[in-house]
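>>> sequence first, then the predicted structure, then my questions.
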Amino acid sequence: MNSNITPQVLVDFYSKLSQLSLPEESIIFAPPGPQMISYGQENKIPLLNICSPQVDTNFFFILLEKVGEIIITHYPYLEKECRQIFSALPTDISDRELFVANVFKPGVNLLTLLKNDVSPEAFGFLMTHAVKPLMRQLGKIAAPAYDLEEWMKGSCPVCGGRPSLSLLEKEVGKRYLYCGLCEVKWRFQRLGCPYCANPESQFFRVEGEEKYRIYYCENCSGYIKTIDERKMEGTADLFWEDINTVHLDILALREGYINIQPELPLSALKQNGTD
Ligand SMILES: [Zn+2]
Ligand SMILES: [Zn+2]
């Protein structure tokens with residue numbers, strides 16, 4: 001593995017986060033009826049846009065605090081900002097319910113639901129990592145509603161986010177894209193850029209690392225890290241592959257390609273103050 005290249009603090013941070021346990025019912029997703037599903041599938045509408053999941057309010061605030069403590073342990077310079085966020089969180093039960101109900105709704109600025117002003121960057125960081133395990137769970141329970149072999153789109157069928165990795169599958173090298181947020185994997189065309197309509201893309205390899213390729217697009221300058229499962233034993237753990245390949249991101253950025261950040265649907269990640 002390349003964990004020797006990946007900063008240890010990053011590996012430790014994600015190890016701790018991935019150990020957070022989620023009760024079975026912490027996120028509930030009731031898929032809409034078959035008509036709505038086939039409409040959504042045909043028109044390539046992410047599931048999150050046609051149906052909101054439900055998250056238990058108390059559970060969410062406990063999770064938020066646990067994630068905050070993990071952040072403070074690994075990134076002590078964020079302690080002050082995290083504590084400010086903790087004391088700005090709503091306390092009344094109805095305000096808390098409103099807050100949680102809005103976490104998965106596009107277009108709501110959660111900063112406006114806090115009691116005080118806080119650092120929007122630190123708040124975005126905390127929310128992203130608190131929402132992450134719920135999104136992973138959502139990915140598991142919601143994704144089967146769609147036929148992922150038929151999705152063939154450059155964005156995630158569950159959350160609409162952009163892929164952080166692609167995968168050339170073991171058997172015959174079929175290509176899949178992977179969402180780093182909800183950890184869903186869906187089929188995509190073998191060639192072509194997931195970010196723009198360019199049907200062509202090139203790739204380069206890194207010496208000594210046969211299983212990785214970096215595909216890049218001359219049209220939009222986007223890149224995507226790719227794992228060639230045919231060049232490895234067993235199957236890839238994409239969550240860890242994503243983290244263990246930060247050196248490939250650095251390489252691609254140095255070559256002048258852009259790391260197109262996922263367009264997260266989460267209102268929490270809006271960092272432009274109030275609107
Ligand atoms: Zn997703
Ligand atoms: Zn492109």
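Nice, I can see it. In this text, all values refer to a predicted model and were calculated from it rather than measured experimentally. Ligands and ions are numbered 1, 2, ... in the order given.

>>> what does this protein put close to ligand 1?
Of all the residues in the chain, those in contact range of ligand 1 (C-beta under 5 Å from the ion) are 156, 158-159, 161, 179, 181-182. C-betas here are computed from N, CA, C, even on glycine.

>>> mind checking which helix or strand F203 is in?
Element membership of F203, judged by DSSP states H and E, is strand 202-206.

>>> that strand vs ligand 2: in contact?
No. Strand 202-206 does not reach ligand 2 (C-beta under 5 Å from the ion); its nearest approach is 11.1 Å.

>>> same check on stretch 223-237?
No. Contact of stretch 223-237 with ligand 2 (C-beta under 5 Å from the ion) is absent, the minimum separation being 9.1 Å.

>>> check the offset of that stretch from the chain's centre.
Distance of stretch 223-237 from the chain centroid (C-alpha atoms, centre = their mean, to the nearest Å) equals 19 Å.

>>> quick check: which element contains C82?
helix 79-88.

>>> and that helix, average pLDDT?
Averaging the model's pLDDT scores along helix 79-88 yields 97.

>>> if we can go back for a sec, just checking, next helix/strand downstream of the strand holding F203?
strand 209-216.

>>> determine the set of other helices and strands touching that next one.
Of the remaining helices and strands, those touching strand 209-216 by 3 or more C-beta pairs under 8 Å, 6 or more residues apart in numbering; DSSP states H and E are strand 202-206, strand 223-228, helix 246-254.

>>> please identify the most buried of the ones you listed.
Across the helices and strands packed on strand 209-216, the average number of neighbours (mean count of other C-beta atoms under 10 Å) peaks for strand 223-228, which reaches a mean of 24.

>>> and the next helix or strand past it?
Tracing the chain C-terminally past strand 223-228 and defining elements by DSSP H and E, one meets helix 238-244 next.

>>> CA atoms only: put that following helix into CSV for me.
As requested, C-alpha coordinates have been extracted for helix 238-244 and formatted as CSV (Å, rounded to 0.1, in the frame of the first residue of the first chain):
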residue,chain,number,x,y,z
LEU,A,238,-12.3,2.0,-2.8
PHE,A,239,-12.7,4.0,0.4
TRP,A,240,-9.1,3.3,1.5
GLU,A,241,-7.8,3.4,-2.1
ASP,A,242,-9.2,7.0,-2.3
ILE,A,243,-7.3,8.0,0.8
ASN,A,244,-4.2,6.1,0.1
